[in-house]
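J.: pasting the sequence and the predicted coordinates here, then a few questions.
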Amino acid sequence: LAPRVNAVLIGDQVVSCITENVLEAIVECAQKHHLVTVADSRKRAGMFKGVDVVVPNDAEAGLAAGIQVKDEASLHEAGKFLLTTAKNALVTLGPHGITLFAADGTIQNVPIRPVRAVDVTGAGDTVAAAVAITLAAGGSLHDAAFLGNAAAGIAVTQEGVVTVSNDEVVHALTSEHGPAKLKTLDELKPIVDKLKQDGKRIVWTNGCFDILHVGHISYLLRARQQGDVLVVGLNSDRSVRENKGPDRPLVNEQNRAIVLSALECVDYVVIFDGKTPMPHLEALRPHVYA
């Protein structure tokens, strides 16, 4: 497959399938075909001789170096040890981002944007995948760490193991003018389609939420219990006026979206402009309407 791909991601997580001979063959093949090599290992992060970049977490880096990573000094010691085999290392630090150890001696922490983590399962795999794609596309090691952080920040806000799309990463990096949970229908449809492929049960509900009160909170919490992902359709200002009269809404659609996005039980918010959300329901086809 080497002539048809751009990178090799070596995952050594459960059993030791990657022997020294296998690793040597992979590196030789990658060099011949000019492929990026990225490695991730639960217990053997120090074995990847000749690999372009190894991507362990801090505990895995410490295990490889035979030390316990508990502060910056021990982290740097573990990172430098990894460079005795791999060309570069990106050590993930959970909410503290990624520390980059480059072949030229550069050490740099790349922070992650704070998020409310729901489930960290698969976050390391998400980082490794993002790093491989970024480097294969010609990005720098810093770019790889930055985008790895962004992708992981999306993954950990959802329950279970999920895949993260390019569109989600782009939106997360360009959503300064609105809450990250707020999506257009065009943005939301591929996200929902992907979540369905991942086996997630999608719940939809909708309303004006003008003004949000305890009854709303109670029913949103119960709606979220009907599945894995709760999508809230929000009537636009024009839609509210059409349904409730010219004196409504009391709160504009952007502020109502921000308030809904602050609720932990709400995964996504989409604003619809019609009197009913039927076009959105037809496009998204959720499993449950609450």
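T.: Cool, the structure landed. Numbering: from 1, shown residues only.
J.: I'd assumed Gln225 was in contact with Arg201.
T.: No - using CB atoms under 8 Å, Arg201 is not in contact with Gln225; the gap is 10.7 Å. For the C-beta atoms, the positions are set from N, CA and C on the backbone; glycine is no exception.
J.: any chance of the backbone angles for Ile217?
T.: phi -60, psi -50 (degrees, to the nearest 10).
J.: if we ignore the residues flanking it in sequence, what's nearest it?
T.: Among residues not flanking Ile217 along the chain, Leu263 sits closest, at 7.3 Å (CB to CB, 6 or more residues apart in numbering).
J.: helix/strand/coil for the one you found?
T.: coil (DSSP: H, G, I helix; E, B strand; the rest coil).
J.: next, the nearest residue to Lys43 once chain neighbours are set aside: secondary structure please.
T.: Nearest residue to Lys43 in three dimensions, chain neighbours excluded: Leu63, at 6.3 Å (CB to CB, 6+ apart). Secondary structure state of Leu63, per three-state DSSP, is helix.
J.: count the residues that sit near Leu63.
T.: For Leu63, the count of nearby residues is 20 (other CB atoms under 10 Å).
J.: pLDDT-wise, which helix or strand of this protein ranks last?
T.: helix 166-173 (a mean of 76; mean pLDDT, DSSP states H and E).
J.: mind listing what's buried along that helix?
T.: By 16 or more other CB atoms under 10 Å, the buried positions in helix 166-173 come out as 168-169, 171-172.
J.: stretch 131-138 too?
T.: Neighbour-count burial for stretch 131-138 [16+ other CB under 10 Å]: 131-136.
J.: do the same with stretch 42-60
T.: 44-48, 51-58, 60.
J.: wait, Val38 touches Asn6, no?
T.: No - between Val38 and Asn6 there is no contact under CB under 8 Å: 11.2 Å.
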